[in-house]
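A.B. asks: based on what follows, work out the 3D shape:
(one chain, ligands or ions: 1)
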Amino acid sequence: MRQKLVAGNWKMHGGLKANLQLLQGVLAGVADLKGMSVAVCVPFPYLAQAQSVLTGTPVAWGAQNLSEQPQGAFTGEVSAAMLNDFACKYVLVGHSERRAIYGETDALVAEKFAAALAAGLRPVLCVGETLAQRDAGQTIDVVSAQIEAVLKRVGVAAFADAVVAYEPVWAIGTGRTATAAQAQEVHAAIRAQIARADAKVAEGLQILYGGSMKPGNAVELLGMPDIDGGLIGGAALVAADFLAICRAAVQ
Ligand code: 13P
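C.D. replies: Residues are numbered from 1 along each chain as shown. Here you go, the predicted structure:
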């Protein structure tokens, strides 16, 4: 049985005071959540705060991006080793906002994934189609090409130490969620793609859904056989909502 993982992606939100309240609110409700994992991916400047507040608690933390380079003259970049200095467990790679707004290509995302793995971090590889691609019937092709670029770079065994998040771009921050059936179809296709390379790795792979997941739709989404958790944006900024989604993962 795969354990469920509910991870918050705070995006570029927060501040020292608000973060502390949010983390304390989350911590107050996670103690009795057994058999699932919880994490928060915070902006770089707050990793020290996350480490200080969350060390010794059931909540793991991570970053939202990293450099594909190990070190050097790369102004503004943050390396995997730096994330390790703050004991990050996870790092998002290839979030659709990074792909669309900052021009991250499949090839760059694959390099970032490799850099994370090499440092012992657990990359959360984000994939997903735009609305135009879905309407054109290209969803599975797009997602499978995004996965393939990483598979080609690191090999299937690397996915034993990684997480995949399916986030349809049209569902992110829009209030428009994929139906449980729509999400399940893509999750099953992702698992089948990995299984063609290694059935055991595919069976153990956590595939999260992200895109307007809220307390009101989490139970149905998380009840699908290939949905192993959620990557939560907006609802992760409200402790009660985030906790409600976490509870939905222990059904
Ligand atoms: P929302 O939950 O705000 O739609 O964001 C999803 C997301 O992008 C998580 O990475």
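A.B. asks: who does the host helix or strand of Tyr209 touch, helix- and strand-wise?
C.D. replies: Assigned by DSSP states H and E, Tyr209 belongs to strand 206-210. If you count contacts as 3 or more Cβ pairs under 8 Å, 6 or more residues apart in numbering; DSSP states H and E, strand 206-210 packs onto strand 4-9, strand 163-166, helix 180-197, strand 229-232. Bear in mind the C-beta positions are built from the backbone N, C-alpha and C, glycine included.
A.B. asks: helix/strand/coil for the nearest residue to Asn217 once chain neighbours are set aside?
C.D. replies: Excluding the flanking residues, the one nearest Asn217 by Cβ to Cβ, 6 or more residues apart in numbering is Thr177, at 5.3 Å. Following DSSP: H, G, I helix; E, B strand; the rest coil, Thr177 is assigned to coil.
A.B. asks: counting neighbours, what do you get for the closest residue to the ligand within the stretch 151-251 of the chain?
C.D. replies: The ligand sits closest to Gly233 of the stretch 151-251 of the chain, with a gap of 2.2 Å, by Cβ to the nearest ligand atom. When neighbours are counted by other Cβ atoms under 10 Å, Gly233 registers 21.
A.B. asks: these two touch, right, it and His13?
C.D. replies: No - between Gly233 and His13 there is no contact under Cβ atoms under 8 Å: 9.0 Å.
A.B. asks: can I get the lowest-mean-pLDDT helix or strand in the chain in CSV, CA atoms only?
C.D. replies: Across the helices and strands of the chain, mean confidence by mean pLDDT, DSSP states H and E is lowest for helix 131-135: a mean of 94. The C-alpha coordinates for helix 131-135 follow below in CSV (Å, rounded to 0.1, in the frame of the first residue of the first chain):
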residue,chain,number,x,y,z
LEU,A,131,-6.5,23.9,-21.3
ALA,A,132,-5.7,24.2,-25.1
GLN,A,133,-3.8,20.9,-24.9
ARG,A,134,-6.6,19.2,-23.1
ASP,A,135,-9.2,20.5,-25.6
